[in-house]
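> Got a sequence here, can you model it:
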Amino acid sequence: MLLCAYLKETPMKTANKLKKMGLHNKLALVSVLLVMLQIIFLGMFSVSYLEQEFEQQLGEKALAVAQTLAKNPIIQQALLDKKSQPIQSYVEPIRQAIAASFIVVGDSQGIRYSHPDPNKINHAMIGGDNIRALRFGQSYISKAEGSLGVSIRGKTPIVLDDGTIIGLVSVGYLEHGMMLSISNYRDTFLWVFGITLIAGCCLVLYIAKRYRDEIFGLEPEEISRVYSERKAVLESILEGVVVINEQGIITSCNPIAIEILANITEQNLIGSAVHDLLPDYQFIFASNSSRIWRDVEVDIEAGTIILTKTPLMIGDKQHGVVVSFRRKDDLVDLSEKLSQVKQFSTMLRVQTHEYSNKLNTIGGLIQIGSYEDALDLIMVENSGYQEIIAFLMRIVPDPIIAGLILGKYDVAKERKIELIIDHESSLLQVPSKLPRSKLVTILGNILENAFDAASSNKAQPAQVTLSFTDMGEDIIFEIEDSGVGMSDAAIKDIFTFGQTTKHAMGHGIGMFLVKNCLDQVDGTLAITRAKTGGTIMTVYIPK
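Residues are numbered from 1 along each chain as shown. Next up is the predicted model:
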């Protein structure tokens, strides 16, 4: 009863253990068992096939010798004379030469006329397989047990010229000797198949480990959960998200991406090439580019989007990119407000820093009793800054553009750069349909580059001249810096994304954005060399 209970309980325990095994362990176990079954089956088949082939070859060899001896006149004549000595003397050296177990010549009654054991001559042949040769005159291969044991035999009748069957020749190899020869091959097979089995098991275990590593050790239910979580996360994101593989093919997307793209369905989007969707921005999605692009303006049929690209890394290899994007229209108002706040913040920070120095100077003058000098300094500072504000309010009524210029004026003062605004400038008729955010991007980036160029030239005072006009059909901005100028190669690549002559991080994007904004407002940019050696950038924007 205890044994029966154990036998019933063991399969259940085994099943429970199998359930608790990880997926990769189950695959390894099944694969190892499969390899073992294949090797065992192949080994048994190979040994069996070898035995059959060896037996067949020995039989054919024995039959060929028997057919040759059956035509020998010495043997035929000795049988007619009923003399065994000539036959025994003739065939025994041949038997030894071919390593046969026996060569037996018998008469038409099956009486031996030769045998390896002379004492068995003149006795009847044993085995019961002579009828086909003696009665029907057939040559054949048989397997039977004779006086020496089980053997493979080649038998053929001895036939005279007139067709009379006077006897037969039987050449044989004992099965025991054949098995001894096969055993040598069997041992070799066992070694080969044993090594193959071990190598196969090791390979299976290695593949199972690699498989486990590839799926990060997750079980099927965990993979299902991760997939469901990933799908839920993608659907909850308020930005469009698409995944692009190494070949530039879109493999996944979320519903917001379909909504933003508007003119394409999910079935058409997944499986399409990103180069067909965004042909002008192929460099961003290059599969061998591990660079991260953030907040890049991209024009599509559905409008302008703000795009961020992040390489998709699995281990230390890149397997595509993940792209997130959102409508720029949703951010225009916020961008304009943030732009103004940024300009005001910059202006206040610069003014705080500058007036702190001035207050310290005024305080020092008062303490030493130089009241008139302190008063003069106060009047100069107040009148100078009020003048620039009043001047900008008069020639640039637009608060966003005026705030940008004033902010850059303060930045220039802080960086010890003289920003000269041409007093003949005028910007009174900026069309309301012209996006202010585009003007801020264009003018702001060009002025920043001019400041950097002027600061880098230590041979002369840093100076940037700004002039603008809206007379005529175009709005024109001209910015001249006191830098060392730009090479022809630098001018050629100035609009290329990521190209820059600066060594600090975060550069190489500004002029690319300028080019995008100019294209959107049908504007152009001309670059020339100033007489002082610096660079003049002239922007033309149709009204």
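> gap between stretch 56-65 and the chain center?
60 Å (CA atoms, centre = their mean, to the nearest Å).
> swap in stretch 72-84?
Using CA atoms, centre = their mean, the offset of stretch 72-84 from its chain centre is 83 Å.
> Now the host helix or strand of residue 187: average pLDDT?
Element membership for residue 187, per DSSP states H and E: helix 175-214. Average pLDDT, helix 175-214: 75.
> same deal with stretch 64-77?
For stretch 64-77, mean pLDDT is 90.
> how about residue 322, phi and psi?
Note on residue 322: backbone dihedrals following degrees, to the nearest 10 are phi -110, psi 130.
> ok now do it, which residues does it touch?
Neighbouring residues of residue 322 by CB atoms under 8 Å, 6 or more residues apart in numbering: 241, 242, 243, 244, 309, 310, 311, 312. For the C-beta atoms, the positions are set from N, CA and C on the backbone; glycine is no exception.
> How about the second one: what's its closest non-neighbour residue?
Right, residue 242. Leaving aside its sequence neighbours, residue 242 sits nearest to residue 253 (CB to CB, 6 or more residues apart in numbering; 4.5 Å).
> before we move on, the earlier item: so which of the contacts of residue 322 is the closest to residue 43?
residue 312 (47.1 Å; CB to CB).
> Tell me which residues touch that closest one, please.
Residues in contact with residue 312 (CB under 8 Å, 6+ apart) are 243, 318, 319, 320, 321, 322.
> Could I get those in CSV, plus columns for secondary structure, distance to residue 482 and pLDDT?
Below are these laid out as CSV (DSSP: H, G, I helix; E, B strand; the rest coil; distance: CB to CB, whole Å; pLDDT from 0 to 100):
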residue, secondary structure, distance to residue 482, pLDDT
243, strand, 48, 84
318, strand, 43, 75
319, strand, 49, 74
320, strand, 46, 80
321, strand, 42, 81
322, strand, 44, 84
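> which of these sit farthest apart?
Between any two of these, the greatest separation by CB to CB is 12.7 Å, found for 243 and 318.
> neighbour-wise, which of those two wins?
Neighbours per residue (other CB atoms under 10 Å) separate residue 243 from residue 318, with residue 243 holding more: 18 against 15.
> Leaving aside the residues adjacent along the chain, what's closest to the more buried one?
With CB to CB, 6+ apart as the criterion, residue 243 has its nearest non-adjacent residue at 4.1 Å, and that residue is residue 252.
> so the one you found sits in a strand?
Yes. Per DSSP: H, G, I helix; E, B strand; the rest coil, residue 252 lies within a strand segment.
> quick thing: my sequence starts at 7, can you match it?
Renumbered: residue one is now 7, and that last one reads residue 258.
> residues in contact with the closest residue to residue 539 other than its chain neighbours?
Spatial nearest neighbour of residue 539, excluding adjacent residues (CB to CB, 6+ apart): residue 491 at 5.3 Å. Neighbouring residues of residue 491 by CB under 8 Å, 6+ apart: 535, 536, 539, 540, 541.
> got a markdown table for these, with pLDDT, secondary structure and neighbour count too?
Formatted as a markdown table, the contacts of residue 491 follow (pLDDT from 0 to 100; DSSP: H, G, I helix; E, B strand; the rest coil; neighbours: other CB atoms under 10 Å):
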| residue | pLDDT | secondary structure | neighbour count |
| --- | --- | --- | --- |
| 535 | 89 | strand | 12 |
| 536 | 86 | coil | 14 |
| 539 | 85 | coil | 14 |
| 540 | 89 | coil | 23 |
| 541 | 91 | strand | 24 |
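> of all these, which two lie farthest apart?
Going by CB to CB, the pair spanning the contacts of residue 491 furthest: 539 and 541, at 8.8 Å.
> list residues touching both of the two?
With CB under 8 Å, 6+ apart, residue 539 and residue 541 have common neighbours 489, 491.
> what does the domain assignment say about the protein?
For the chain, the structural domains run 25-223, 245-333, 337-548, going by automatic domain parsing.
> Pull the contacting residues for the most centrally placed residue in the chain.
The residue lying closest to the centre of the chain (CA atoms, centre = their mean) is residue 325, at 5.0 Å. Applying CB under 8 Å, 6+ apart, we find residue 325 in contact with 251, 252, 318, 319.
> Which of the residues you listed fall in strands?
318, 319 (DSSP state E).
> Which helix runs longest in this protein?
In the chain, ranked by residue count with DSSP state H as the criterion, the top helix is helix 29-76.
> Just give me how far that helix sits from the chain centre.
Relative to its chain's centre, helix 29-76 lies at 42 Å (CA atoms, centre = their mean).
> Check stretch 436-443 too.
From the chain centre to the centre of stretch 436-443 is a distance of 47 Å (CA atoms, centre = their mean).
> list the buried ones in that stretch?
By 16 or more other CB atoms under 10 Å, the buried positions in stretch 436-443 come out as 436, 442, 443.
> What's the end-to-end length of that stretch?
13 Å (CA to CA, to the nearest Å).
> Kindly report the same for stretch 270-278.
Using CA to CA, the span of stretch 270-278 from its first residue to its last is 11 Å.
> Ok, stretch 264-280 next?
End-to-end distance of stretch 264-280: 14 Å, with CA to CA as the criterion.
> List the buried residues of that stretch.
Buried residues in stretch 264-280, counted by 16+ other CB under 10 Å: 264, 266, 267, 270, 275, 280.
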